[in-house]
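Peer 1: Next come a sequence and a model predicted from it.
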Amino acid sequence: MKNSRRSFLKKSAITMGGITVIPRHVLGKGFVAPSDKFSIGVIGAGTQSRWLASGFIKLPETQIVAASEVNSKKMEEFQINFNKSVKEFNNQKNQLDTYLDYKELIQRDDIDGVIIATPDHWHAIMTINSIKSGKHVYCEKPLSHTIDEGREMVSASRKFKKILQTGSMQRSSHNFRHAVDLIRNGYLGKIEKAIVNVGNPSAKCNLPYQPTPSTIDWDRWIGPAQMRSYHSTLVDADFFPRWRWYKEFGGGILADWGAHMFDIVQWALDMDNSGPVKLVPPREPNAVRGLQMTYKNGVEVVHEDFYRGFGVRFIGSKGTLDVSREYLDSNIKGLVKKSLKKSDTRVYFSDDHLKDWITSIKNNSLPICDVEIGHRSASVCQLGNIAYELRETLNWDPVKEEFIDNSRANFLKTKFYRKPYTL
């Protein structure tokens, strides 16, 4: 080819509805020349990004070509993992360009899509800017930091016709898919209640001052959040840093794991375009469990511990079904091993969450965890956090996406952005 790769793709791609669909001879099975691979840039180089990058390096049709990170220590770890993965999977691309400013990465014409795996408070800004720059997006869960951000992300994806896959990977797991198929086909009878066990709602960050190390650009890490001092707990603590505990940067473990488990409830109830209509927080002022949410169809969803680890218990008129990453069982004998009938409906399923994003881009189709799904599942968690914060009964309109007759609650659908890091 005499033409550049970008020119070649533009001339040979099939365009449907404004989305450029890469032809199968470019993104096919088997060997793919490095110049013809779907090129990905990574924004945020922490623990989750290293795992995602290895997954995409493993795929024959994709390659990681660049990464952006404000913490040089994490970038070094990412580079080591990148080199190891390239060698392990015999990937033909062994050059990784690195950036401090993610905007330099998304301005590159030779990058087709980006992975966004930063703290939640950055997701919306980075996603929207990446989409406007012509990139498809794989964004980690929870998709957004606020309800209004999520809707803006949906609007941007639709307007600029870019595919966004949300990293709620449980949708690509057999346990959860089979549970949802059984529930939707009535094997549990009429669903009356679901109990979701995940962690605590978000709390205000009250960590003490620590001096900022030279390895991190703290202003860029804080970004759109209100400025506060550095603390290692936010960046380096444990396997996953604990910024996700705090409302300034995340949504607590209620949102972090809720974006997995409440997502399964949304899926099973066929509510991917909706949400609950009423939220009742626990009476105890400091309680971190006990939130009750009711859907329009009468199903009650409770944030409560049923003592089997993080998971979901569905209660139907015929019995119960418990599902998590570790188990799938029911008090209805033989149910979970039951094969579906030919007449039963089946939900869309992909056994590879990462490849599903690429396949959707090729086919101009919605991925298994499209931006609207990611937004709605994240908003369930955000609604929960607002209810826990205000400690009052809330009525929610899932069509208009606003609280009914409650200005305080509607105020919490968004947040203040620190200039110049504005949405």
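Peer 2: Nice, I can see it.
Peer 1: Only C-alpha atoms from now on, for both contacts and neighbour counts.
Peer 2: Will do.
Peer 1: and residue 293, how many neighbours?
Peer 2: By the criterion of other CA atoms under 10 Å, residue 293 has 27 neighbours.
Peer 1: what sits against it?
Peer 2: Neighbouring residues of residue 293 by CA atoms under 8 Å, 6 or more residues apart in numbering: 276, 277, 278, 279, 280, 300, 301, 302.
Peer 1: Could you grab the helix/strand/coil label for it?
Peer 2: The three-state label given to residue 293 by DSSP: H, G, I helix; E, B strand; the rest coil is strand.
Peer 1: follow-up on the earlier one: tell me the one among the contacts of residue 293 nearest to residue 262.
Peer 2: Closest approach between the contacts of residue 293 and residue 262, by CA to CA: residue 301, at 8.9 Å.
Peer 1: tell me which element the closest one is part of?
Peer 2: strand 300-303 (DSSP states H and E).
Peer 1: State the number of residues packed around residue 109.
Peer 2: 11.
Peer 1: model confidence over the strand holding residue 301, on average?
Peer 2: Summarised as a single mean, pLDDT over strand 300-303 is 98.
Peer 1: same question, stretch 50-64
Peer 2: Regarding stretch 50-64, the rounded mean pLDDT is 96.
Peer 1: residue ranges for the helices of this protein, please.
Peer 2: Taking DSSP state H as the criterion, the chain carries its helices at 5-12, 47-58, 72-88, 102-106, 123-132, 147-159, 174-184, 218-222, 232-235, 252-256, 258-268, 353-363, 371-390, 407-411.
Peer 1: got TSV for these, with mean neighbour count too?
Peer 2: Output for the helices of the chain, formatted as TSV (neighbours: other CA atoms under 10 Å):
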stretch	mean neighbour count
helix 5-12	13
helix 47-58	19
helix 72-88	17
helix 102-106	20
helix 123-132	22
helix 147-159	20
helix 174-184	21
helix 218-222	17
helix 232-235	16
helix 252-256	26
helix 258-268	26
helix 353-363	20
helix 371-390	26
helix 407-411	14
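Peer 1: got a list of what residue 327 touches?
Peer 2: Contacts of residue 327 by CA under 8 Å, 6+ apart are residue 175.
Peer 1: go with 10 Å
Peer 2: With contacts defined as CA atoms under 10 Å, 6 or more residues apart in numbering, residue 327 is in contact with 175, 176, 308, 311.
Peer 1: do the same with residue 306
Peer 2: By CA under 10 Å, 6+ apart, the neighbours of residue 306 are 195, 196, 197, 312, 313, 322.
Peer 1: Against residue 350, how distant is residue 368?
Peer 2: From residue 368 over to residue 350 the distance is 7 Å, taken as CA to CA, to the nearest Å.
Peer 1: who touches both of those two?
Peer 2: Here residue 368 and residue 350 have 169, 171, 172, 356, 357 as joint contacts, going by CA under 10 Å, 6+ apart.
Peer 1: Including pLDDT and distance to residue 346, could the residues you listed go into CSV?
Peer 2: Output for the shared contacts of residue 368 and residue 350, formatted as CSV (pLDDT from 0 to 100; distance: CA to CA, whole Å):
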residue, pLDDT, distance to residue 346
169, 97, 18
171, 97, 13
172, 97, 14
356, 98, 17
357, 98, 20
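Peer 1: Which pair of these spans the longest distance?
Peer 2: Spanning the widest gap among the shared contacts of residue 368 and residue 350 are 171 and 357, at 12.8 Å by CA to CA.
Peer 1: Could you pull out the residues contacting both of those two?
Peer 2: 350, 368, 369.
Peer 1: The second one reaches residue 272, doesn't it?
Peer 2: The reference is to residue 368. No - look at residue 368 against residue 272 with CA atoms under 10 Å: they stay out of range, at 11.1 Å.
Peer 1: between those two, which one's more packed in?
Peer 2: residue 368 (24 against 20).
Peer 1: contacting residues for that one?
Peer 2: Residue 368 sits in contact with 165-169, 171-172, 347-350, 352-353, 356-357, 360, 374, where contact means CA under 10 Å, 6+ apart.
Peer 1: Next: residue 409.
Peer 2: Shown in contact with residue 409 (CA under 10 Å, 6+ apart): 383, 386, 387, 389, 390, 392, 394, 395, 396, 402, 403.
Peer 1: close enough to count as contact, the last one and residue 276?
Peer 2: No - with the criterion set as CA under 10 Å, residue 403 and residue 276 do not qualify as a contacting pair; they are 11.2 Å apart.
Peer 1: Looking at these two, which one has more neighbours?
Peer 2: Counted by other CA under 10 Å, residue 403 and residue 276 do not tie: residue 276 has more neighbours, with 24 against 20.
Peer 1: Roughly how far does the more buried one sit from residue 132?
Peer 2: Distance, residue 276 to residue 132, using CA to CA: 32 Å.
Peer 1: Over to residue 101?
Peer 2: In terms of CA to CA, residue 101 sits 16 Å off from residue 132.
Peer 1: remind me which residues of this protein are low pLDDT?
Peer 2: Where the chain drops to pLDDT under 70, the residues are 1-35, 92-93.
Peer 1: still on that earlier bit, the shared contacts of residue 368 and residue 350 into CSV, with extra columns for distance to residue 288?
Peer 2: Below are the shared contacts of residue 368 and residue 350 laid out as CSV (distance: CA to CA, whole Å):
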residue, distance to residue 288
169, 26
171, 27
172, 29
356, 36
357, 35
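Peer 1: and of those residues, the nearest to residue 185?
Peer 2: residue 171 (17.4 Å).
Peer 1: my guess is that closest one contacts residue 349, does it?
Peer 2: Yes - the criterion here is CA under 10 Å, and residue 171 meets it with residue 349 at 7.4 Å.
Peer 1: Identify the bridge partners of residue 314.
Peer 2: Assessed by DSSP bridges, residue 314 has beta-bridge partners residue 194, residue 321.
Peer 1: which residues touch it?
Peer 2: For residue 314, the contacting residues are 179, 183, 188, 191-196, 265, 268, 301, 320-323, 330, by CA under 10 Å, 6+ apart.
Peer 1: 6 Å instead, please
Peer 2: 194, 320, 321 (CA atoms under 6 Å, 6 or more residues apart in numbering).
Peer 1: Turn those residues into TSV, columns for neighbour count and distance to residue 72.
Peer 2: Formatted as TSV, the contacts of residue 314 follow (neighbours: other CA atoms under 10 Å; distance: CA to CA, whole Å):
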residue	neighbour count	distance to residue 72
194	24	43
320	18	49
321	23	46
